[in-house]
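Enquirer: Turn this into a model:
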Amino acid sequence: MKAPPGRLVLLGHPVAHSLSPRFQNAALRAAGISINYEALDVPPADLPRTLDGLRSIAGAGNVTVPHKRAVAAQCDELTALARRADAVNTFWCEDGRLIGDNTDVGGFQAAVIELLAGSKTSRPRTIAVLGAGGAGA
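Expert: The predicted model follows:
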């Protein structure tokens, strides 16, 4: 079993409004995991230094606007989905290397499949996505 991350964070700017720490910490406590998930407000100019610090302590976490593309560029390795999206929303360290993933893509795909699963027609459909939010940043 792998050791827990040295720090578990949400990287963004601003992030004080985020509810992620509240629900992530509740989930961690419910699972009996004793680590704290914290929102870390990182101005863009401070992102490389912050990532270096997290890499040095095997940190992990999530990424929100405006850092998704910048974190992707700083990772040592990207999953296929992160490469395809050119954006990272989840990261962790392995052997001192920063690994980035994008769960937005799979989450969106699963929602669309679920939404269309009850369809009784096989004719092509047109779907519009208005606004990309954090997934497109």
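Enquirer: quick one: contacts for the residue nearest to the spatial centre of the chain?
Expert: In the chain, the centroid-proximal residue (Cα atoms, centre = their mean) is residue 89; its distance is 2.2 Å. Residue 89 makes contact with 62, 63, 64, 68, 101, 102, 103, 104, 134, 135, according to Cβ atoms under 8 Å, 6 or more residues apart in numbering. C-beta: built from backbone N, CA, C; applies to glycine.
Enquirer: could you dump these to JSON lines with distance to residue 30?
Expert: JSON lines is the format used below for the contacts of residue 89 (distance: Cβ to Cβ, whole Å):
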{"residue": "62", "distance to residue 30": "18"}
{"residue": "63", "distance to residue 30": "24"}
{"residue": "64", "distance to residue 30": "23"}
{"residue": "68", "distance to residue 30": "28"}
{"residue": "101", "distance to residue 30": "23"}
{"residue": "102", "distance to residue 30": "26"}
{"residue": "103", "distance to residue 30": "20"}
{"residue": "104", "distance to residue 30": "24"}
{"residue": "134", "distance to residue 30": "25"}
{"residue": "135", "distance to residue 30": "26"}
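Enquirer: Which stretches in this structure count as helices?
Expert: Taking DSSP state H as the criterion, the chain carries its helices at 20-30, 47-56, 68-74, 80-85, 103-117.
Enquirer: Go through those helices and find the least confident stretch.
Expert: Averaged per stretch, pLDDT over the helices of the chain is lowest on helix 103-117, reaching a mean of 82.
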